[in-house]
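Asker: Build the 3D model from these lines:
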Amino acid sequence: MTAKSYVNLFRESAPYIHAHRGKTFVIALTGEAVDGPNSKSLLADIAVLHIIGVRIILVHGARPQIDKRLHDAGLNSTFHDELRISDNSMMPYIEEAIGSTRLKLEKLLSMGLPNSPIFGAQIRTISGNFTIAKPLGVHNGIDHLFCGEVRRIDHGAIESALRGGSIVIIPPIGFSSTGEAFNLSYQDLASEVASFMKAEKLIFISSIAGVYIDGELQRRLSLEALGELIAADKVRSGLERKIFQSAYKCCSRQVERVHLITEKTDGALLSELFTREGTGTLISEDNSETIRKANIEDIGGLLELIQPLEQQGVLVKRSRERLEVEITQFYVSIHPEGFLLGCAALYPLDGDMGEIACVATHPDFIKQGTASRLLTVIEGRAKQESIKSLFVLTTHAAHWFIEKGFTECGPDLLPKDKKLLYNYKRNSKVLLKIINP
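Answerer: Numbers count the residues shown, from 1 in each chain. As a prediction, this is how the structure comes out:
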């Protein structure tokens, strides 16, 4: 990587670093991820999040580790709805497997070798009896024995550890008030922890790369769409169903964002959190963007969006000072993660006319309807202001505007003041649309 590309990458990441700092993320790892080939780099990436100020709660599974210990002991497991039916003879081996998995996580987070991402970080981890559990009981005629469910989470103890600057590790085991230990589903546990702690994000890292519909990975998905997928039983495995159900439950409890990514891709976690396209699926109650009037805090994002188009000659150049003066004329489309997807401006003019200008979409989100939705909002606003017709000057998007109901006319139909300023050298096409006959 060249110095310039490194600088550009860091600059692109800066808004995400600012947005994530001080937030609480619950990260749920499968036991396979803990022992997988990318485990060292994955835990290093989690440490990077901690270093930049993200409050990390790490919930882990231990299925393959438990499988091995039970197999070595000559004990067989049965499962019901992806839950291990755990009897009294199994519990010592289950506790041992979970304990060793937790210790491995602590070891990986303590590595500070030179040239590693966490060299000199001195990361502290805290674990403990944060989970109060109860027996799951009998379901569909099956006694789940020492398989349990969460009764409550010790919010105060976890919060204290996070404020103290530690990564909190919560193993998939809980304890009752009578001292009994219960084996827990790590997916359900992670969902409960995220809900109790009012986390900003729950991130599932497993063999499930995200949500696929008709073979295509969905980068964003609404809670409603996920619910329909589960109800229609359009899932490919028991693990996928379990993760989808836990994600749905958590997101419906006001955890704003749930991410599904794979442990098989090195760097997937950082790519998901620090790039616009991400690597997995982002689930939120409403996955659509928000369109609103711009404010002064949007200036930086607007400049980043329109300057490349200005350099290409697609848009007329606007200075920061001009943007600050005209900011109330702009509308912006905001991604669920908080960055700008697109913008457009409406300038009311004399004579019941208005001008649409500076229509731009982030290159990663072209052909996803962002500009069309901005145009719809602007036309609605223009009607409210009793504007009868809208015109636009464009050198590159005439055909798109014609598809939206505009008609090519010419400079002679422009309002007088705009006609005097028309740049014949630029030779922009003039298009008109009547919205209030």
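
Asker: wait, doesn't Glu200 sit right on Val26?
Answerer: No. At 9.2 Å, Glu200 and Val26 do not qualify as touching, with contact defined as Cβ atoms under 8 Å. (C-beta placed from N, C-alpha, C; glycine too.)

Asker: Domain boundaries for this protein, per the record?
Answerer: 10-284, 290-434 (automatic domain parsing).

Asker: picking up where we left off before, if you count surrounding residues, which of Glu200 and Val26 has more?
Answerer: Between Glu200 and Val26, counting by other Cβ atoms under 10 Å, Val26 is the more crowded of the two (29 against 18).

Asker: contacting residues around the host helix or strand of that one?
Answerer: Following DSSP states H and E, one finds Val26 within strand 24-29. With Cβ atoms under 8 Å, 6 or more residues apart in numbering as the test, strand 24-29 has contacts from 42, 46, 49, 54-61, 105, 162, 186-187, 190, 193-194, 197-206, 263, 269.

Asker: swap in stretch 390-400?
Answerer: 313-314, 353-357, 359, 371, 378-379, 382, 401, 406, 408-409, 413-414, 422, 426-433, 435.

Asker: Using PyMOL, define a selection of the buried residues within those residues.
Answerer: For the buried members of the contacts of stretch 390-400, the matching PyMOL selection, counting by 16 or more other Cβ atoms under 10 Å, is:
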select buried, resi 353+354+355+356+357+359+371+378+379+382+401+406+414+422+428+429+430+431+432+433
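
Asker: Downstream of the strand holding Val26, the next helix or strand is which one?
Answerer: helix 31-35.

Asker: Now the following helix or strand past that next one: average pLDDT?
Answerer: Proceeding N to C from helix 31-35, the next assigned helix or strand is helix 39-51, under DSSP H and E. Average pLDDT, helix 39-51: 92.

Asker: Mind pulling up the pLDDT for Gly301?
Answerer: So Gly301 comes in at 89 (pLDDT).

Asker: Give the bridge partners for the nearest residue in space to it that is not next to it in sequence, please.
Answerer: Closest residue in space to Gly301, ignoring its immediate chain neighbours: Leu340 at 4.0 Å, by Cβ to Cβ, 6 or more residues apart in numbering. Per DSSP bridges, the residues bridged to Leu340 are Ile334.

Asker: Compute the number of surrounding residues for Leu340.
Answerer: Leu340 - counted by other Cβ under 10 Å - has 25 other residues nearby.

Asker: Tell me if I'm right that Leu226 and Ala247 touch.
Answerer: Yes. Leu226 is in contact with Ala247 according to Cβ under 8 Å; the separation is 6.7 Å.

Asker: Return every residue with contacts to both of the two.
Answerer: Ile283.

Asker: Compare those two (neighbour count), which wins?
Answerer: Higher neighbour count among Leu226 and Ala247: Ala247, with 29 against 24, using other Cβ under 10 Å.

Asker: and the helix or strand hosting the more buried one, what does it pack onto?
Answerer: Using DSSP H and E, Ala247 sits in helix 238-251. Secondary-structure packing of helix 238-251 (3 or more Cβ pairs under 8 Å, 6 or more residues apart in numbering; DSSP states H and E): helix 186-196, strand 201-206, helix 223-231, strand 257-262, strand 281-284.

Asker: Okay, angle between it and helix 223-231 too, please.
Answerer: 150 degrees (axes from the mean of the first three to the mean of the last three Cα atoms, to 10 degrees).

Asker: centre of the chain versus helix 238-251, how much separation?
Answerer: 16 Å (Cα atoms, centre = their mean, to the nearest Å).

Asker: now that helix: mean pLDDT?
Answerer: Rounded mean pLDDT across helix 238-251 is 91.

Asker: Going by neighbour count, which residues in that helix are buried?
Answerer: Neighbour-count burial for helix 238-251 [16+ other Cβ under 10 Å]: 239-251.

Asker: what's the answer for stretch 56-68, then?
Answerer: Quick answer for stretch 56-68 (16+ other Cβ under 10 Å): 56-66.

Asker: go on, stretch 325-337?
Answerer: 327, 329-337.

Asker: which residue ranges form the helices in the stretch 301-437 of the chain?
Answerer: Secondary structure of the stretch 301-437 of the chain (DSSP state H, counting those that start in this stretch): helices at 320-326, 370-384, 398-403, 416-421.

Asker: Identify the residues contacting the first one?
Answerer: For helix 320-326, contacts defined as Cβ under 8 Å, 6+ apart pick out 296, 299, 302-303, 318, 330, 345, 347.

Asker: ok, back up a step: centre of the chain versus the strand holding Val26, how much separation?
Answerer: With Cα atoms, centre = their mean, you get 12 Å for strand 24-29.

Asker: would a markdown table of the domains of the chain with distance to Lys4 be doable?
Answerer: Output for the domains of the chain, formatted as a markdown table (distance: least, Cβ to Cβ, whole Å):
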| stretch | distance to Lys4 |
| --- | --- |
| domain 10-284 | 11 |
| domain 290-434 | 16 |
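
Asker: taking these together, which one is wrapped up most tightly?
Answerer: Of all the domains of the chain, domain 10-284 carries the top mean neighbour count, a mean of 18, counting by mean count of other Cβ atoms under 10 Å.

Asker: do you know how far Ser333 is from Ala344?
Answerer: Here Ser333 is placed at a distance of 9 Å from Ala344 (Cβ to Cβ, to the nearest Å).

Asker: what do the two both touch?
Answerer: Leu374.

Asker: Pretty sure Ile66 sits against Met91.
Answerer: No. Judged on Cβ under 8 Å, Ile66 makes no contact with Met91 at a distance of 10.4 Å.

Asker: before we move on, back to that, can you add distance to Gly36 and give the contacts of helix 320-326 back as a markdown table?
Answerer: Listed next are those as a markdown table, based on distance: Cβ to Cβ, whole Å:
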| residue | distance to Gly36 |
| --- | --- |
| Ile296 | 46 |
| Ile299 | 44 |
| Leu302 | 42 |
| Leu303 | 42 |
| Arg318 | 49 |
| Phe330 | 46 |
| Ala345 | 49 |
| Tyr347 | 55 |
